[in-house]
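> only geometry, no sequence info:
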C-alpha cells in the first residue's frame, strides 16, 4: 500500500533508468512501463486475490500511464518505442514490453520495436543495451554487447513467432560460455572474450528464462535424444 502511494506521486518524474545513467534525468520508457506493471499487478491482486486497496483508483493510474507511454514513448514514424520521451535513441529494455503484458507479443508496435532494436543495436548478431555515444549516459568509453539483452531478444523473437531466429541466437549465446559453463556481464565481439562482472547472475537468469520459454514452445526438448538441447544443456 505504501509503495503504491509513493508510486502515485513519483511515476511521472524523470529518473536515471534501468541502467542507472549518470547523465541528466529523463523520462525513460522502461521506467514508465514498470510503473504500469506495479499498478496493473496491484489491481489484479485486489480484484482476483482479495488484496486490500483502492482498485478503481489504481486502475485509473494504470490506464493513465499506459496512455502516456503510447503517446510519448512510441515513435509512430519509425514504428518503434524509444529509450526516453522526446528522443530517438533505442534501448534493449524495450524488448521487455511484451513480457510484462504491456502489449501483446505479436502487436505491430512490438514487432517494429524488435526490428528497430536489431537494426540499430546489433553487433555481430548480439545486442548492446543502448548506444553509449548517443545516450548521454555520463560514462566514458564504450562497452561490449550486454548478454542479458541478447537473451531478451531471444524471448521477443519467440513471442513474435520467429522461432528459428530465437533458437539460433540462443545457441550462439550458449557458445560464449567459459570452460566451466558460466557467462559474464558482457562480451567483446572484437576480442572474442568475456567482459565485466564474471559470473553475472543477470546473464544466467536471462539464460534460464529463455531456455524455459524455448522448451515450452517446443524449439528444444529436454526429453529428446542427445543434442536435442544446444550446448549440452539439460532441463
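Alright, I've got the coordinates. Predicted model only: the values in this text are computed from it and were never measured.
> Look through the chain and tell me its longest helix.
helix 29-49 (DSSP state H).
> Are there helices or strands packed against that helix, and which ones?
Under the contact criterion of 3 or more C-beta pairs under 8 Å, 6 or more residues apart in numbering; DSSP states H and E, the helices and strands touching helix 29-49 comprise helix 2-10, helix 55-72. Placement of C-beta: from N, CA and C, glycine included.
> Looking at the ones you listed, which is nearest to residue 194?
helix 55-72 (34.7 Å; C-beta to C-beta).
> For the protein, give me the ranges with low pLDDT.
When residues are selected by pLDDT under 70, those of the chain lie in 141, 221-235.
> Report the separation between residue 9 and residue 86.
When distance is defined by C-beta to C-beta, to the nearest Å, residue 9 is 23 Å away from residue 86.
> Not counting its own residues, what contacts stretch 49-64?
Residues lying outside stretch 49-64 but in contact with it, judged by C-beta atoms under 8 Å, 6 or more residues apart in numbering, are 1, 4, 7-8, 11, 36, 39-40, 42-43, 45-47.
> at 10 Å instead, please
1, 4-5, 7-8, 11-12, 35-47 (C-beta atoms under 10 Å, 6 or more residues apart in numbering).
> Setting aside sequence neighbours, what's the nearest residue to residue 82?
Distances taken as C-beta to C-beta, 6 or more residues apart in numbering place residue 75 nearest to residue 82, at 5.3 Å, with adjacent residues excluded.
> quick one: the helices in the chain?
Counting by DSSP H, the helices of the chain are 2-10, 29-49, 55-72, 108-121, 132-135, 147-159, 163-174, 201-216.
> just those: most buried one?
Using mean count of other C-beta atoms under 10 Å, the stretch among the helices of the chain with the greatest mean number of neighbours is helix 147-159 (a mean of 25).
> elements contacting that helix?
Using 3 or more C-beta pairs under 10 Å, 6 or more residues apart in numbering; DSSP states H and E as the contact criterion, the secondary-structure elements in contact with helix 147-159 are helix 108-121, strand 122-123, strand 126-127, helix 163-174, strand 186-188, helix 201-216.
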